[in-house]
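Chemist: build me a structure from this.
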Amino acid sequence: MDTQNVVDQRHAQAQRNKSLRLGFEAALIALCGYLIGVAGLPPLFGPPSGPNDTQVVTSGVVGDDDGSVAGPAIETSANPTPGAGVSVTVGRATWTTGYFQAALFKALLEELGYDVSDPAANEVGPTDMYRLMADGGVDFWTNSWLPNHQAFIDEEMDDGSMIGDYVTPVGSLMPSSGLEGIVVPKSVAEEFSITSLDQINGDPGLVELFDSDGNGLAEVQGCPDDWGCFKIMNELIEFNGWSNLEQISADYDTMVNGSVERVEGGSAVLQYTWSPSGYLTRLRPGDNVLWLNIGGQANMLDGTITPEYDFNDGQPPALGAACTGDPCWLGWPAADIAVTARNSFLEENPAARALFEQVQLKVLDVALANVKYDTGETSEEDLARHAQEWITENRPTVDSWLAAARATG
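Modeler: Okay, here's the model as predicted:
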């Protein structure tokens, strides 16, 4: 094969890859639009803004004589690098959909002069991350899912103090934005008239349908055992007495890849997943899968096993035809995705705290960054570039966040 043919083939493949990603992004935009417009999730599509939509007032000229706006004003008297000389250790989640946020906050803090560690050096699940922060090993992370993780914050340290004495969730990074639950292939749900997880547990024929290893238990492809959803899933099974169900715990991406193959082949599978994530470009509620109603409000955890898991008094998302039941009780409330930091770090670094309090992200922006990762842009350099591209595209708002941080002194 001559060189030109090789070049042409590579160019054609690159174009196919680009078209594939654009198709994923289009599907994701449509899905997020459905979730936000119909399910009642926050309107997180417009330009990002700080929690109070405030602008730092300065003596500089914001508008030109012709009436055009030059951009947000910056407090010129403030210290531009309040973090100079301060080393910061950032942690990140063990799920790839949280990588973008960690890379973004690293870049933002560096603009304030902080020396920020590589997020990949402290990739830890939530069962250990809060204790690690309390012990001083990590200063902050951006991947708290609350109330899911509250039980970890409320754990006791070796000296009898509580982890929550040393760490604090701060700001409103993505309020009520973590939609999570179990999906089932749409074709399977329709063929077998599946309406709920409770129904599956009580029907021997359905249990057999979702029992791939023949041990007599229907399998839910769930979460790695150091994630909060792993604990909640097992507690759901215990709380409801679902003795014919079991959660499978393994590498999440491996489980999803297997579940996608089953969905595409029309086979039965139950898979835990969430939004915002690129996973929903492959497991598409309302298209090739449906969210699985767990049963009813009475099946929601009420805090009797773990007090922090009292989800019984919330409202179910209005998912309509994308769910096997209406109302659609997914088993989890819509989570607040938040920054959590060491108290001593927050006290010693008011500029960092002010930044954490300002930053809000849109579901769509995070989801599209996830799609870039899922379509091959997976290196640490790629992640840093994704963060920097987002900052460039949102520079006026970013500058207002940084100005508020610098104004703290």
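Chemist: how about the strands in the chain?
Modeler: Assigned by DSSP state E, the strands in the chain fall at 87-88, 115-116, 140-146, 167-185, 218-221, 245-248, 271-275, 289-291, 335-342.
Chemist: got these as CSV, with mean neighbour count, mean pLDDT and distance to Leu109 columns?
Modeler: The way it works is simple: take the backbone N, C-alpha and C, and place the C-beta from them, glycine included. Listed next are those as CSV, based on neighbours: other C-beta atoms under 10 Å; pLDDT from 0 to 100; distance: least, C-beta to C-beta, whole Å:
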stretch, mean neighbour count, mean pLDDT, distance to Leu109
strand 87-88, 16, 98, 6
strand 115-116, 16, 98, 5
strand 140-146, 26, 97, 9
strand 167-185, 23, 95, 14
strand 218-221, 23, 98, 36
strand 245-248, 20, 98, 37
strand 271-275, 24, 95, 27
strand 289-291, 26, 97, 37
strand 335-342, 23, 96, 11
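Chemist: and of the ones you listed, who's closest to Ala405?
Modeler: Nearest to Ala405 among the strands of the chain is strand 167-185 (11.7 Å), distances taken as C-beta to C-beta.
Chemist: show me how far the closest one is from its chain's centre.
Modeler: Distance of strand 167-185 from its chain centroid, counting by C-alpha atoms, centre = their mean, to the nearest Å, is 6 Å.
Chemist: repeat for stretch 345-355
Modeler: 24 Å.
Chemist: now do it, average pLDDT.
Modeler: For stretch 345-355, mean pLDDT is 98.
Chemist: buried residues, that stretch. List them.
Modeler: 345-346, 349, 351-355 (16 or more other C-beta atoms under 10 Å).
Chemist: can you check stretch 396-407 too?
Modeler: 397-407.
Chemist: now that stretch: how far from the chain's centre is it?
Modeler: Centroid displacement of stretch 396-407 relative to its chain, using C-alpha atoms, centre = their mean, is 24 Å.
Chemist: quick revisit: turn the buried residues of stretch 396-407 into CSV, columns for distance to Ala250 and pLDDT.
Modeler: Listed next are these as CSV, based on distance: C-beta to C-beta, whole Å; pLDDT from 0 to 100:
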residue, distance to Ala250, pLDDT
Thr397, 39, 96
Val398, 38, 97
Asp399, 44, 97
Ser400, 43, 96
Trp401, 39, 97
Leu402, 41, 97
Ala403, 46, 97
Ala404, 43, 96
Ala405, 41, 97
Arg406, 45, 97
Ala407, 48, 96
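Chemist: ok, now which ones touch Ser344?
Modeler: Contacts for Ser344 (C-beta atoms under 8 Å, 6 or more residues apart in numbering) come out as 136, 166.
Chemist: separation between Gly214 and Arg262?
Modeler: According to C-beta to C-beta, to the nearest Å, Gly214 stands 16 Å off from Arg262.
Chemist: which one of these two has more residues nearby?
Modeler: Taking other C-beta atoms under 10 Å, Gly214 and Arg262 do not tie; Arg262 has more neighbours (17 against 7).
Chemist: find the nearest non-adjacent residue to that one, please.
Modeler: Nearest residue to Arg262, sequence neighbours excluded (C-beta to C-beta, 6 or more residues apart in numbering): Val269, at 4.1 Å.
Chemist: show me what contacts the one you found?
Modeler: So Val269 contacts 184-185, 188, 210, 221, 258-259, 262-263 (C-beta under 8 Å, 6+ apart).
Chemist: and the nearest residue to Leu236 once chain neighbours are set aside, its phi and psi?
Modeler: With C-beta to C-beta, 6+ apart as the criterion, Leu236 has its nearest non-adjacent residue at 5.5 Å, and that residue is Gly331. Here is the backbone geometry of Gly331 (degrees, to the nearest 10): phi 100, psi -20.
Chemist: and Gly331, how many neighbours does it have?
Modeler: For Gly331, the count of nearby residues is 23 (other C-beta under 10 Å).
Chemist: where does the stretch 151-300 of the chain have low pLDDT?
Modeler: Counting by pLDDT under 70, the stretch 151-300 of the chain contains no low-confidence range.
Chemist: could you check how far the nearest residue to Gly222 once chain neighbours are set aside is from Ile294?
Modeler: Leaving out its chain neighbours, the residue that sits closest to Gly222 by C-beta to C-beta, 6+ apart is Gln247, at 3.9 Å. Per C-beta to C-beta, Gln247 is found 13 Å from Ile294.
Chemist: the nearest residue to Asn299 once chain neighbours are set aside: neighbouring residues, count only.
Modeler: Using C-beta to C-beta, 6+ apart and skipping residues adjacent in sequence, the residue nearest Asn299 is Asn240, 5.4 Å away. Residues lying near Asn240 (other C-beta under 10 Å) number 19.
Chemist: pretty sure Asn240 contacts Gly296?
Modeler: No - Asn240 lies out of contact with Gly296 (C-beta atoms under 8 Å); the separation is 10.6 Å.
Chemist: intersection of neighbour lists for those two?
Modeler: Here Asn240 and Gly296 have Asp198 as joint contacts, going by C-beta under 8 Å, 6+ apart.
Chemist: sorry, back to before: for the buried residues of stretch 345-355, work out which two are farthest apart.
Modeler: That would be Phe345 and Ala354, which, of the buried residues of stretch 345-355, are the farthest apart (C-beta to C-beta) at 13.0 Å.
Chemist: and the closest residue to Asp198 other than its chain neighbours, how far is that from Asp336?
Modeler: Nearest non-adjacent residue to Asp198, counting by C-beta to C-beta, 6+ apart: Gly295, 3.4 Å away. Per C-beta to C-beta, Gly295 is found 25 Å from Asp336.
Chemist: perfect, that will be all.
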